[in-house]
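# Please find the sequence and the predicted model below.
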Amino acid sequence: MRDPDSELNQLKEQHLLRALDQGINRPLDTAEIVRDRFLDFSSNDYLGLADHSKLKTAAIQATENFGVGSRASRLLRGGSPIHSELEKYTAQFLGTEASLYFANGYATALGTLTAILTKGDTVILDKKCHACLIDGARLSGATIRVFPHNNLKKLETLLISAHAKSSSESRILIITESVFSMDGDSAPLREIIDLKKKFKALLLVDEAHALGILGKNGRGLCHCENAPGSVDLRMATFGKAAGSAGGVVAASSEWIDLITNKARSFIYSTAPPHAQAAAALAGLHIITGPEGDHLRQSLSENIRLLCEKLSIKTPPAAIVPLILGEETNALEASEHLRKSGCIVPALRYPTVARGKARLRVSLSAAHTTEQIAELAANLSLLLNTGKFTLASGD
Ligand SMILES: Cc1ncc(COP(=O)(O)O)c(C=O)c1O
């Protein structure tokens, strides 16, 4: 068993100790003040829907109609018609036959990967895939292979090797994110699909940071690339652009039926609260409608404005990483910004590679032009001190 004292000391010495933010966790009556005083660039609420009146109303109505708790696992008749409605709407939106709603994206990855993979299968992941995808792959018992970030050549080499060893029963699954959570760049989806087809592999794409933002009506990168039919399984979370919480996997009815029957994080877990599902559905309704288009437009203006002011490359979605190298640099820069009124988190190992600590700026349609300008001015001041130098991702 780990020794808490020595483990925590070790983390502290390496500048890797994490703690809950006392500002955010102050008593409720000061929450408003805290939110007003700081400009928040740490949130994944990319379209500003977490505070939207339609989501709040949907959550309240669902609670009044069905109660607070969902009472049991979905398979024990927990949940409500809202859960099924959300699944139907998501599948329709993403252009798949079916989808399944989980308590969060992490549980979706764990449940889905352990349900669809078995020993003897090979799963090939991009090195920068989110922890939940790595953990799901590990739990599944399949052989794991990792390719350097977005490196198609290495992916092909791994596919050649896995294909040569595969049998009639074993499968190969490629996993990538559409927009990478720590680097903010996107996957070369077209080329990955070509490789997947060449080697008769399956493909799972995690659209966590692209749902609501990329593609027509925010349908994600798969739609951007006109490729939904070539992607076997798509995952997303409603905890980011959709403004609520919960995760979803969308695929053919056959895959979803299998996941429903085999995903332990789905079967042995109480259904997500009705309010959470109702708010996610309301979020999706906004995303798919004209208000969603308007919000995406505001978001892309904010992204363009910040990148122009900092003279950096515009990312495909709402995440702007500023890589500062050593953990202490990122911590110091984040603290500096906090003192100037901007919350920009420092991301450190193991979330990112050692020596690649960074500030991760998350932009939202809810930010005003003035707020973006204020952040840009604070960041420029910081970078102009000569103390911090921006580095490349790899
Ligand atoms: C790429 C990616 N997938 C999955 C998740 C997990 O989603 P959730 O927060 O709903 O558990 C995250 C969350 O940060 C993520 O960034």
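Yep, that arrived.
# Any residues of the stretch 101-250 of the chain in contact with the ligand? List them.
Listed as neighbours of the ligand in the stretch 101-250 of the chain under the rule C-beta under 6 Å from any ligand atom: 104-106, 130, 132, 177, 181, 206, 208-209, 237, 239, 247. In this view, the C-beta of every residue, glycine as well, is placed from N, C-alpha and C.
# Select, from those residues, the two members most distant in space.
Using C-beta to C-beta, the two most remote members of those are N104 and E177, lying 16.1 Å apart.
# So for those two, which sits in the more crowded spot?
E177 (26 against 19; other C-beta atoms under 10 Å).
# thinking again about what came up before, quick one: which of the residues of the stretch 101-250 of the chain next to the ligand has the lowest pLDDT value?
Of all those, S181 has the smallest pLDDT value, namely 93.
# Confirm that residue sits in a strand?
No - counting by DSSP: H, G, I helix; E, B strand; the rest coil, S181 is not part of a strand but coil.
# Relative to S362, how far out is it?
According to C-beta to C-beta, to the nearest Å, S181 stands 10 Å off from S362.
# who touches the longest helix seen in the chain?
The residue-count maximum for a helix in the chain (DSSP state H) belongs to helix 290-310. Helix 290-310 is contacted by residues 46-49, 212-213, 217-218, 286, 313-315, 317-318, 320, 361, 363-365, 367, 369, 372-373, 375-377, 379-380, 383 when judged by C-beta atoms under 8 Å, 6 or more residues apart in numbering.
# Could you check how many residues crowd around whichever residue of the chain sits closest to the ligand?
At 2.3 Å from the ligand, G105 is the closest residue in the chain, using C-beta to the nearest ligand atom. Neighbour count for G105, taken as other C-beta under 10 Å: 24.
# Now do the contacts for it.
132, 206, 208, 235-237, 239, 246-247.
# could you redo the last one with a cut-off of 10 Å?
Going by C-beta atoms under 10 Å, 6 or more residues apart in numbering, G105 touches 130, 132-133, 206, 208, 235-240, 245-249.
# Out of these, which sit inside helices?
Short answer: these in helices (DSSP H) are 132-133.
# for stretch 178-189, the distance to its chain's centre please.
10 Å (C-alpha atoms, centre = their mean, to the nearest Å).
# Which parts of the stretch 101-250 of the chain are helices?
105-116, 131-140, 152-165, 189-198, 221-224 (DSSP state H, counting those that start in this stretch).
# Please identify the most buried of those helices.
helix 105-116 (a mean of 25; mean count of other C-beta atoms under 10 Å).
# Check the offset of that helix from the chain's centre.
Here helix 105-116 is found 14 Å from its chain centre; the criterion is C-alpha atoms, centre = their mean.
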